[in-house]
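*Asks:* for reference, the sequence and a predicted model appear below.
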Amino acid sequence: MCPATSPGSASPPPPPSSEAELEQLGINVVRGLAMDAPERASSGHSGTAMALAPLAHVLYTRVMRHDPTDPAWPDRDRFILSNGHASILLYSMLYLCGYGLTLDDLKEFRQWGSKTPGHPEHRHAAGIEVTTGPLGQGFGNGVGMGIAERYLRARFGSDVVDHHTFVICGDGCLEEGISHEAASLAGHLGLGRLVYVYDDNHISIDGPTELSYSDDVAQRFEAYGWDVDRIGEVANDTGALEAALRRAMAVEDKPSLVILRSHIGWPSPHLTDTAKAHGSPFGDAEIRETKEILGLPPDETFWVPDEVIELYRRTIPRGRAMRREWESRLEAWKGDRGAWDAAWAGKGVKGWESTLPSFEAGTQLATRKAVKACLDASAALIPGLLSGAADLTENTGVELEHAKRQSPEHPGGRQIYYGIREHAMGAAMTGMAHHGGIVPIGGTFFCFSDYMRPAVRLAALSRAHVVYFWTHDSVGLGEDGPTHQPIEQLASLRAMPGLVVVRPADANECAQAFRLAIDGEEPTALVLSRQNLPVLAETAERGPAGLRRGGYVVLDEPGGPEAGPPDIVLIGTGSEVHVCMGAAAVLAGEGVRARVVSLPCWEWFEAQDRAYRAQVLPAGVPRLAVEAASSFGWDRYADATVGIDTFGASAPGSRALAEFGFTPAHVAERAHALLASHGEPDERGGRT
């Protein structure tokens with residue numbers, strides 16, 4: 001590779017005289033963009049993008065199979081920038097290669113409404129595979145993509161699935177705990193076709209990484225079972241970079257880590273290898289000097305000559321030819337096209353929902369067990385479904401009957417054992433969903449959703465089609481006590497935009513919730529009981545139509561709506577709906593007309609029109625919410641709440657629920673108190 005030159009002239013450089021000079025000019029143009037965009041925005045991270053411009057060049061022009069004219073081509077290689085603060089590097093490559101971003105989009109870097117936000121966001125622009133930014137998340141996403149590729153290749157054959165996943169990560173990604181979980185999982189699973197490049201630049205925001213970080217990264221990853229290649233000081237050597245990537249691509253039985261020593265901000269004369277190069281614009285004077293070193297016009301911003309555009313746009317015919325060759329193979333493929341289409345749609349084959357079981361009224365079944373019955377009945381017709389848990393496979397309903405374990409020996413296995421790695425599980429699930437072809441289901445105890453919350457947040461932000469089974473959802477968990485009993489989790493997760501939280505009342509609501517989760521597009525959490533719950537006749541009749549609307553009248557007040565509005569509305573979710581039913585019976589015996597509403601999903605209920613919501617929750621009628629969790633947030637629907645605003649207690653589940661007031665008698669007592677504060681109904685239905 002030719003070294004950067006320093007012509008000392010403000011005029012544009014002469015046209016390159018060789019292919020090597022043209023490539024060097026292209027790399028230097030990327031470095032110029034990496035300085036100009038943050039400078040214009042007065043915000044951003046130039047240094048990492050500058051140091052890694054040669055690596056990005058090699059990936060996009062020499063190594064990766066990608067077609068800018070069809071960014072969603074199923075058999076493309078995937079690329080993840082885990083250290084997403086270097087987003088201008090990715091945006092520059094997407095612009096130059098012809099993915100649809102424009103130079104004006106780069107000029108709008110980090111601005112309101114732009115396609116180039118501060119960190120890469122899935123769906124914002126073509127070519128962005130996942131949303132990254134919180135360090136380590138992209139690392140975990142890549143492991144999920146590796147699982148997806150291996151499963152789909154085993155299921156459908158290498159004629160139609162045969163690609164790699166490339167991930168760039170930095171010191172911050174490796175310091176975050178999620179990378180330890182995800183790397184351990186990937187090594188245990190023996191995931192080949194994963195090529196990670198560790199940008200070992202020794203700089204963090206605080207200063208040199210030596211302030212806080214002295215891991216031997218190579219030994220660490222070798223211990224995980226990765227193939228490790230220490231390539232050293234070759235960040236500017238495109239030939240050495242390509243050779244290292246191709247060596248890693250040839251590794252089929254384990255993930256690969258290429259350790260690259262780079263110099264952040266290179267070749268800035270005053271900011272190379274400094275913390276300022278990490279997260280601050282360089283300033284006009286430093287940019288000018290750096291451009292002079294690079295042979296770029298120092299007085300021009302966002303300078304991209306035609307020959308550089310032409311260089312990078314060569315990826316279009318190259319990628320189009322690869323894609324068309326794959327399409328020919330797909331057309332000639334003799335596999336199950338119905339299963340293929342369903343997998344890539346992220347759905348079941350047509351009619352899959354007819355396999356879902358119904359449950360007999362009066363029987364007792366925990367919703368975690370009901371969801372397993374749904375899973376077992378339908379899994380064969382949801383070809384992309386992969387199910388797993390964080391060491392709680394049987395407990396959380398994710399265990400697939402007769403399924404093989406996902407492993408090197410069984411690459412088509414549909415049962416994933418994540419081990420005690422909730423955070424990595426969440427990130428891997430998001431990676432699988434965004435890879436395409438997979439509907440990932442992951443389970444853990446609801447309390448431990450806290451361990452995976454950052455990954456859940458990014459799934460919601462990027463609208464990943466994932467399904468969480470969060471079980472043991474209340475103090476009904478019992479003897480394990482307050483460390484394991486979720487109290488605040490429902491309120492906190494309902495507060496997360498884009499996440500659908502469903503707490504089914506019984507087995508029949510559970511079946512409908514599972515159907516909607518699979519048929520949906522967004523991340524959906526099913527919050528499920530440990531303890532047995534009665535199967536209600538009313539949910540079988542009304543649940544199929546009502547649950548998809550988020551809330552519905554599960555039990556009419558005595559005499560029905562024709563007799564006038566109810567005296568009180570009891571609103572329950574999950575295991576408390578049957579308690580409300582019992583309380584309504586108590587109140588009926590005392591002359592109080594109580595309506596019972598099941599409100600399993602606030603998000604779906606809020607999506608209904610105002611008329612429907614008013615029909616379910618009539619104005620002017622006192623409302624009492626009953627939920628074995630924090631009362632926070634219930635003021636939007638209820639005048640009072642039977643909830644838990646302390647941590648739980650260690651006791652048998654039935655005793656704990658009774659002590660916290662989740663009995664028909666106590667709910668009826670609270671209903672009378674609420675009515676008294678509003679004026680008790682008189683015998684004519686008025687208020688005294």
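*Replies:* Perfect, thanks for sending it. Numbers count the residues shown, from 1 in each chain.

*Asks:* the helices in the stretch 301-450 of the chain, which residues?
*Replies:* Ranges of helices in the stretch 301-450 of the chain, per DSSP state H, counting those that start in this stretch, are 306-313, 315-332, 337-345, 367-378, 422-435.

*Asks:* for the stretch 551-688 of the chain, which spans come out with low pLDDT?
*Replies:* The stretch 551-688 of the chain contains residues with pLDDT under 70 at 680-688.

*Asks:* how far away is D36 from S631?
*Replies:* 52 Å (Cβ to Cβ, to the nearest Å). C-beta here means a position set from N, CA and C on the backbone, and glycine is covered the same way.

*Asks:* I'd say I416 and I147 touch.
*Replies:* Yes - here I416 lies in contact with I147, judged by Cβ atoms under 8 Å, at a distance of 7.1 Å.

*Asks:* what do the two both touch?
*Replies:* Contact criterion Cβ atoms under 8 Å, 6 or more residues apart in numbering; residues shared by I416 and I147: 386, 406.

*Asks:* how many other residues sit next to A240?
*Replies:* 18 (other Cβ atoms under 10 Å).

*Asks:* doesn't it fall inside a helix?
*Replies:* Yes - counting by DSSP: H, G, I helix; E, B strand; the rest coil, A240 is part of a helix.

*Asks:* pick the most deeply packed of the helices of the stretch 301-450 of the chain.
*Replies:* helix 422-435 (a mean of 30; mean count of other Cβ atoms under 10 Å).

*Asks:* just the C-alphas of the host helix or strand of A676, formatted as PDB.
*Replies:* According to DSSP states H and E, A676 maps onto helix 664-678. Written as PDB, here are the backbone C-alpha positions of helix 664-678 (Å, rounded to 0.1, in the frame of the first residue of the first chain):
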ATOM      1  CA  PRO A 664     -61.600 -12.300  46.300                       C
ATOM      2  CA  ALA A 665     -62.600 -11.100  49.800                       C
ATOM      3  CA  HIS A 666     -59.900  -8.500  50.100                       C
ATOM      4  CA  VAL A 667     -60.500  -7.200  46.600                       C
ATOM      5  CA  ALA A 668     -64.200  -6.900  47.400                       C
ATOM      6  CA  GLU A 669     -63.300  -5.000  50.500                       C
ATOM      7  CA  ARG A 670     -61.200  -2.600  48.600                       C
ATOM      8  CA  ALA A 671     -64.000  -2.200  46.000                       C
ATOM      9  CA  HIS A 672     -66.300  -1.100  48.800                       C
ATOM     10  CA  ALA A 673     -63.800   1.400  50.000                       C
ATOM     11  CA  LEU A 674     -63.400   2.800  46.600                       C
ATOM     12  CA  LEU A 675     -67.200   3.000  46.200                       C
ATOM     13  CA  ALA A 676     -67.500   4.700  49.500                       C
ATOM     14  CA  SER A 677     -65.100   7.400  48.400                       C
ATOM     15  CA  HIS A 678     -67.200   7.900  45.200                       C
END
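
*Asks:* element containing the spatially most central residue of the chain?
*Replies:* The centre of the chain sits closest to A459, judged by Cα atoms, centre = their mean, with a distance of 2.2 Å. Here A459, judged by DSSP H and E, is contained in helix 453-462.

*Asks:* buried residues in stretch 349-367?
*Replies:* Buried residues in stretch 349-367, counted by 16 or more other Cβ atoms under 10 Å: 349, 352-353, 356, 359, 361, 365-367.

*Asks:* widest-spaced pair of those?
*Replies:* V349 and A361 (30.1 Å; Cβ to Cβ).

*Asks:* check contacts around the residue nearest to the centre of the chain.
*Replies:* So A459 contacts 426, 429-430, 433, 466, 499, 523 (Cβ under 8 Å, 6+ apart).

*Asks:* closest to A243 out of the residues you listed?
*Replies:* Distance to A243 across the contacts of A459 (Cβ to Cβ) is lowest for T430, with 31.9 Å.

*Asks:* isn't the closest one up against A460?
*Replies:* No - taking contacts as Cβ under 8 Å, T430 lies outside contact range of A460: 9.7 Å.

*Asks:* with only the CA atoms kept, save the helix holding A459 in CSV.
*Replies:* Extracted in CSV, the C-alpha atoms of helix 453-462 (Å, rounded to 0.1, in the frame of the first residue of the first chain):
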residue,chain,number,x,y,z
ARG,A,453,-32.7,-5.2,29.7
PRO,A,454,-30.1,-3.3,27.6
ALA,A,455,-30.6,-5.9,24.8
VAL,A,456,-34.3,-5.7,25.1
ARG,A,457,-34.2,-2.0,24.8
LEU,A,458,-32.3,-2.2,21.5
ALA,A,459,-34.7,-4.9,20.2
ALA,A,460,-37.5,-2.4,20.9
LEU,A,461,-35.6,0.5,19.4
SER,A,462,-34.9,-1.5,16.2
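
*Asks:* separation between the residue nearest to the centre of the chain and F221?
*Replies:* 26 Å.

*Asks:* tell me the mean pLDDT over the helix or strand encompassing W470?
*Replies:* Per DSSP H and E: W470 is located in strand 467-471. The predicted model assigns strand 467-471 a mean pLDDT of 98.

*Asks:* sorry, back to before: list just the nearest of the contacts of A459 to P408.
*Replies:* Distances from P408 to the contacts of A459, taken by Cβ to Cβ, are shortest for M429, at 20.5 Å.

*Asks:* quick one: residues contacting that closest one.
*Replies:* The contact partners of M429, by Cβ under 8 Å, 6+ apart, come to 144, 440, 442, 455, 459, 464, 466.

*Asks:* buried ones among those?
*Replies:* 144, 440, 442, 455, 459, 464, 466.

*Asks:* what comes up buried for the helix holding A676?
*Replies:* Buried, per 16+ other Cβ under 10 Å, within helix 664-678: 664, 666-668, 670-671, 674-675, 678.

*Asks:* same check on stretch 379-386?
*Replies:* For stretch 379-386, by 16+ other Cβ under 10 Å, it's 379, 381-386.

*Asks:* could you dump that stretch to PDB, C-alpha only?
*Replies:* Taking Å, rounded to 0.1, in the frame of the first residue of the first chain, the C-alpha atoms of stretch 379-386 are listed here in PDB:
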ATOM      1  CA  ALA A 379     -43.200 -25.500  16.100                       C
ATOM      2  CA  ALA A 380     -43.100 -27.900  13.100                       C
ATOM      3  CA  LEU A 381     -45.100 -25.200  11.100                       C
ATOM      4  CA  ILE A 382     -42.900 -22.300  12.100                       C
ATOM      5  CA  PRO A 383     -39.700 -23.300  10.300                       C
ATOM      6  CA  GLY A 384     -37.500 -20.400  11.500                       C
ATOM      7  CA  LEU A 385     -38.400 -20.900  15.200                       C
ATOM      8  CA  LEU A 386     -35.400 -21.400  17.500                       C
END
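
*Asks:* give the rounded mean pLDDT of that stretch.
*Replies:* Here the average pLDDT along stretch 379-386 is 98.

*Asks:* quick one: distance of that stretch to the chain centre.
*Replies:* 20 Å (Cα atoms, centre = their mean, to the nearest Å).

*Asks:* what do you get for stretch 333-342?
*Replies:* On Cα atoms, centre = their mean, the centre of stretch 333-342 falls 27 Å from that of its chain.

*Asks:* show me the contact partners of that stretch.
*Replies:* Here stretch 333-342 makes contact (Cβ under 8 Å, 6+ apart) with 155-157, 159-160, 348-350, 352, 381-384.

*Asks:* what about that stretch, start to end distance?
*Replies:* 16 Å (Cα to Cα, to the nearest Å).

*Asks:* stretch 114-127 now?
*Replies:* 15 Å.

*Asks:* for it, which positions count as buried?
*Replies:* Buried residues in stretch 114-127 (16+ other Cβ under 10 Å): 114-122, 124-127.
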